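Trainee: Give me the fold of what follows.
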Amino acid sequence: MGMAKGFIAAVFVASGFLAAPATAQSLTDALIAAYRNSNLLEQNRAVLRAADEDVAIAVATLRPVVNFVARATASSALRAVGGVEVRNTSVSATLALSADLTLYDFGRGQLAIAAAKENVLAVREALVGVEQRVLLSSVAAFMDVRSAAETVNLRENNVRLITQQLRATRDRFEVGEITRTDVAIAEARLAGSRSNLAAAQGDLAVAREAFKAVTGAYPVSALRSPPGLPRIPRSLEEAQAIARNTHPSIKQAQHEVTAAEINVARAVAVRQGQITGGANLSVDDNGRDTSSLTLGYQRPLYTGGRQSAQERQAAARRDASRAGLHQTAVDVVQDVGRAWSDLAVAFARIEASDRQIEASQTAYDGVRQEAELGARTTLDVLNAEQELLDARTTRIAAETGRYVAVYRVLSSMGLMTVEHLGLGIPTYDPEAYFNAVRNAPATRSVQGERLDRVLRSIGRE
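Mentor: Now for the predicted structure:
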């Protein structure tokens, strides 16, 4: 038991909840830390950069492909010379340069680039969605730590109060005013209060771990009172209208639909074939050089049904993405309604909790005074105090729920971002990497050097 108490005390001292320093962490600090330290954001930024490269790959398919070929050939043959078989062995070498270029593909290449760009825009919106989830998680983690710490304080006060009541009960028992039963009731209630305190301290330790998982570090100081609630629309209808226009999930689905429609056109364009050109220059080991130019047109006549299947597949994926867009819009609107309802419930809980605290406080004060006059038992006093404690605990949970509910409304509208919250910190620029690779730069080029600088700026070389 002593070891457990020592561990818990060490946790509270380390986290700043037993002795708060002059500077305390704010909700803004938690939001910024979550944004800067999120592994999930880093992962999805890398996913976005991979999507950016799909544009570079699509651009590269329209450019010449130049290959250097070095070939050595050894040959051996038997010949009859003067009735004797003689094996002749020869070695030849050839150096060659070949270049191939798609001259005209009936728009397939440009369609591939357009589809890749739409996919990039879709992944960017997905990244915004991840940002929202990370920031909302930091709000919940911050409020959970504060709620758990306040609950611990209530439980500690409750233990102290019941300890005093137990002492007074024992004194009254000594002078014969009450029975041993009253003392036992107070002792049992104290044991229960200590148990509840231990549970509250455990909840705080769990909340601190969640805070670290979200922000990258334990809260190193006492947490400040949260700031004023952010502004939200006055009505559910207004919030849902904003969500339809701004939510990243809807925007992502819109870009996916556009990409799917482009891919249908790409699949149909394959039937038109392509015109290609080529050039070859080779030199053998005797110094003889050979050069050639080719021009060709290739068009599929029969592919065993593969081409038709690919067209149908592209059309089916387009239809699926369209249906997905409609369902995403339904889900977003529903999520706004759910968040709005949760917010209304949170405000109602706070109002009810305030009334409950007021009534419980009045009841407790009255019962305690009546007990001093002998009109109430020790159990009556302890029950009244427990009701007051429960009311205050419910108020703490309701306040936490209100804050998280407001930010969840923002998230459901698509506005839970660093920019909208005005955190005032540099944010990840998805345009920087895209602009550096959109023209498929070679590694050793002016564009490639600019790409190297972009990679260094994001810490990925």
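
Trainee: since we're on Ala34, how many residues are nearby?
Mentor: 25 (other CB atoms under 10 Å). Every C-beta, even on glycine, is put in place using the N, C-alpha and C of the backbone.

Trainee: what's near enough to touch it?
Mentor: Listed by CB atoms under 8 Å, 6 or more residues apart in numbering, the contact set of Ala34 reads Val134, Leu135, Ser137, Ser138, Ala141, Val214, Thr215, Gly216.

Trainee: Quick check: the residue nearest to the fourth one when sequence neighbours are not counted vs Ala141, distance?
Mentor: For Ser138, the nearest residue in space outside its immediate sequence neighbours is Ala34; the separation is 3.5 Å by CB to CB, 6 or more residues apart in numbering. Distance, Ala34 to Ala141, using CB to CB, to the nearest Å: 8 Å.

Trainee: Ok, Glu431 next?
Mentor: Relative to Ala141, and taking CB to CB, Glu431 is found at 31 Å.

Trainee: swap in Val437?
Mentor: Relative to Ala141, and taking CB to CB, Val437 is found at 36 Å.

Trainee: Next: Asp380.
Mentor: From Asp380 over to Ala141 (counting by CB to CB), the distance is 40 Å.

Trainee: For the closest residue to Gln132 other than its chain neighbours, the count of nearby residues, please.
Mentor: Leaving aside its sequence neighbours, Gln132 sits nearest to Met416 (CB to CB, 6+ apart; 4.1 Å). Number of residues near Met416 (other CB under 10 Å) recorded here: 25.

Trainee: picking up where we left off before, the more surrounded of Glu431 and Ala141?
Mentor: Under the criterion of other CB under 10 Å, the comparison of Glu431 against Ala141 puts Ala141 first, with 23 against 10.

Trainee: before we move on, which element is that one in?
Mentor: Applying DSSP states H and E as the criterion places Ala141 in helix 108-174.

Trainee: after that helix comes which helix or strand?
Mentor: Following helix 108-174 in sequence, per DSSP H and E, is helix 180-215.

Trainee: Is Leu62 in a helix, a strand, or coil?
Mentor: coil (DSSP: H, G, I helix; E, B strand; the rest coil).

Trainee: before we move on, the earlier item: give me the mean pLDDT for the helix or strand harbouring the residue nearest to Ser138.
Mentor: Taking DSSP H and E as the definition, Ala34 sits inside helix 27-37. Averaging pLDDT along helix 27-37 gives 94.

Trainee: Tell me what angle it forms with helix 180-215.
Mentor: 50 degrees (axes from the mean of the first three to the mean of the last three CA atoms, to 10 degrees).

Trainee: what residues are up against the residue nearest to Val381 when sequence neighbours are not counted?
Mentor: Of all residues not flanking Val381 in the chain, Ala371 sits nearest, at 4.9 Å (CB to CB, 6+ apart). Ala371 sits next to Thr377, Thr378, Asp380, Val381 when contact means CB under 8 Å, 6+ apart.

Trainee: Of the residues you listed, which is the most crowded?
Mentor: In terms of neighbour count, Val381 stands highest of these at 25 neighbours, by other CB under 10 Å.

Trainee: So which helix or strand of this protein has the lowest pLDDT on average?
Mentor: When each helix and strand of the chain is scored by mean pLDDT, DSSP states H and E, helix 2-15 comes last, with a mean of 37.

Trainee: Report the angle between the helix holding Ala141 and helix 180-215.
Mentor: Using the same axes, to 10 degrees: helix 108-174 against helix 180-215 is 160 degrees.

Trainee: Show me whatever sits in contact with both of Ala34 and Ala141.
Mentor: Common neighbours of Ala34 and Ala141, using CB under 8 Å, 6+ apart, are Val214, Thr215.
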